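> Only the shape, not the letters, is given here:
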């Protein structure tokens, strides 16, 4: 980690050297820059390492790179390579594809990337929050992650909470915040409860608007 802020927000960086109104901000998460080409995506970071290991048929390295934060031991290297190859081919042709990696083991973060039109349009990072301390792991709470984002980007454009009720009737507030930019959007979403986690999403403005316009599921009780 280059500095404390990067550690807090999982490498989500504010790269613009001048004010946002003068130059659009650049967002980088999980080792990838929002808006980068599919070719760049599959050639850098852990994704690039995996692709090169697959091409070299280095199954030991493939298994090492593909292990999940759950320490899954049975990994079929060839299946992983075949899947990565299909996703890469489709993404580079412009098709909409998702690619997930192991993220950061220490902070219990996993990453999911969405590519569309030959570019990276969304970076989704999920930080697990276990109910008990686990040796060797340092998970990040919603408050820590929110503080890091607020320090980097100022007060959010929108901040609110939603009441969540689980199957046992336990009520909890789930906090949300959004930073709207000219070309991209940052969101942080809290998921409290038994499998608590915090989700940070960096996406293009077009991707954000696409989801906002998507039809909502009908309520079967109405």
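Right, received. Where do you want to start? Just so you know, these numbers come straight off a predicted model, no measurement behind them.

> ok, which stretches of this structure are strands?
Remark: strands assigned in the chain by DSSP state E are 13-14, 27-29, 32-33, 97-104, 109-116, 119-128, 158-165, 171-180, 184-191, 197-204.

> Lowest average confidence across those, which one?
Out of the strands of the chain, strand 13-14 stands lowest, with a mean of 42 (criterion: mean pLDDT).

> Quick one: mean pLDDT for the longest helix anywhere in the chain?
Secondary structure of the chain read by DSSP state H shows that its longest helix is helix 77-92. Mean per-residue pLDDT for helix 77-92: 95.

> how much does that helix deviate in direction from strand 109-116?
Interaxial angle, helix 77-92 versus strand 109-116 (axes from the mean of the first three to the mean of the last three Cα atoms, to 10 degrees): 40 degrees.

> mind listing what's buried in helix 77-92?
77, 80-81, 84, 87-88, 91-92 (16 or more other Cβ atoms under 10 Å). For the C-beta atoms, the positions are set from N, CA and C on the backbone; glycine is no exception.

> Just the angle for that helix relative to strand 119-128, thanks.
Using the same axes, to 10 degrees: helix 77-92 against strand 119-128 is 130 degrees.

> what angle sits between helix 77-92 and strand 97-104?
Using the same axes, to 10 degrees: helix 77-92 against strand 97-104 is 130 degrees.

> Show me what helix 77-92 is packed up against.
Helix 77-92 is packed against helix 38-41, helix 45-55, helix 59-66, strand 97-104, with contacts defined by 3 or more Cβ pairs under 8 Å, 6 or more residues apart in numbering; DSSP states H and E.

> which residues sit against the longest one?
By Cβ atoms under 8 Å, 6 or more residues apart in numbering, the residues outside helix 45-55 that reach it are 30-32, 41-43, 61-62, 65-66, 80-81, 84-85, 88, 99, 101-102.

> Give me the buried subset of those residues.
In these, burial by neighbour count holds for 30-32, 41-42, 61-62, 65-66, 80-81, 84, 88, 99, 101-102, counting by 16+ other Cβ under 10 Å.

> just those now: which is nearest residue 183?
Nearest to residue 183 out of those is residue 32 (Cβ to Cβ; 16.3 Å).

> Please report how far the closest one lies from residue 157.
Relative to residue 157, residue 32 is positioned 24 Å away (Cβ to Cβ, to the nearest Å).

> Let's have the strands of the chain in TSV, adding distance to residue 148.
Shown next, in TSV, are the strands of the chain (distance: least, Cβ to Cβ, whole Å):
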stretch	distance to residue 148
strand 13-14	11
strand 27-29	12
strand 32-33	19
strand 97-104	14
strand 109-116	13
strand 119-128	11
strand 158-165	15
strand 171-180	12
strand 184-191	10
strand 197-204	10
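
> give me the number of residues near residue 114?
19 (other Cβ atoms under 10 Å).

> Over to the one 4 residues further on?
Burial of residue 118, expressed as a neighbour count using other Cβ under 10 Å, amounts to 15.

> Can you verify my assumption that it contacts residue 90?
No: when contacts are counted by Cβ atoms under 8 Å, residue 118 is not listed as touching residue 90 (10.5 Å).

> Check the contact between residue 78 and residue 63; I expect there is one.
No: applying Cβ under 8 Å, one finds residue 78 not in contact with residue 63, separated by 10.4 Å.

> got TSV for the buried residues of helix 77-92, with distance to residue 213 too?
Shown next, in TSV, are the buried residues of helix 77-92 (distance: Cβ to Cβ, whole Å):
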residue	distance to residue 213
77	40
80	35
81	36
84	31
87	26
88	29
91	23
92	27
